[in-house]
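# after the sequence you'll find the predicted model.
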Amino acid sequence: IFTHLQAWHDAVEPELVRLGLISVRAPDLSRRSGILSFIAPDHVDPVNLHAHLSAAGIACALPDGYLRFSPHWPNHENDAQAIIEAIERYPGTL
């Protein structure tokens, strides 16, 4: 399960970083979890970004201002592209 989740993270993380989000994923594999979290750039309201993603049908959470994706529920590997496309359609500039 861990290997599957990390493969999902490996597919999503670089694309979201490319689009302007700041990853807080541990560089050391032994310190990683099943959750992939990002910080929005200072000029982006994370609450608005979270609302945009939720409206697009993307399941994510916003604990403590971190945009958190948990691909093991309810997202799955096919949702990676949907998340990327939803971020690309965000009306603000990341």
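In hand now; what should we look at? None of the values given here were measured: they were computed from a predicted structure. Numbering: from 1, shown residues only.

# local confidence estimate at residue 67?
Predicted confidence (pLDDT) at residue 67: the value is 96.

# and the nearest residue to it once chain neighbours are set aside, what are its bridge partners?
Once flanking residues are discounted, residue 67 sits nearest to residue 38: 4.7 Å by C-beta to C-beta, 6 or more residues apart in numbering. For glycine as for every other residue, the C-beta is placed from the backbone atoms N, C-alpha and C. Bridge pairing for residue 38 (DSSP bridges) gives the partners residue 23, residue 67.

# pretty sure residue 38 contacts residue 18?
No: judged on C-beta atoms under 8 Å, residue 38 makes no contact with residue 18 at a distance of 12.0 Å.

# mind listing the strands for this protein?
Listed in chain order, the strands found in the chain under DSSP state E are 22-23, 36-39, 67-69.

# now the shortest one: mean pLDDT?
Averaged over strand 22-23, pLDDT sits at 97.

# neighbours around the residue nearest to residue 67, how many?
24 (other C-beta atoms under 10 Å).

# and the closest residue to residue 84 other than its chain neighbours, how far is that from residue 48?
Nearest non-adjacent residue to residue 84, counting by C-beta to C-beta, 6+ apart: residue 15, 4.8 Å away. In this view, residue 15 and residue 48 are 20 Å apart by C-beta to C-beta, to the nearest Å.
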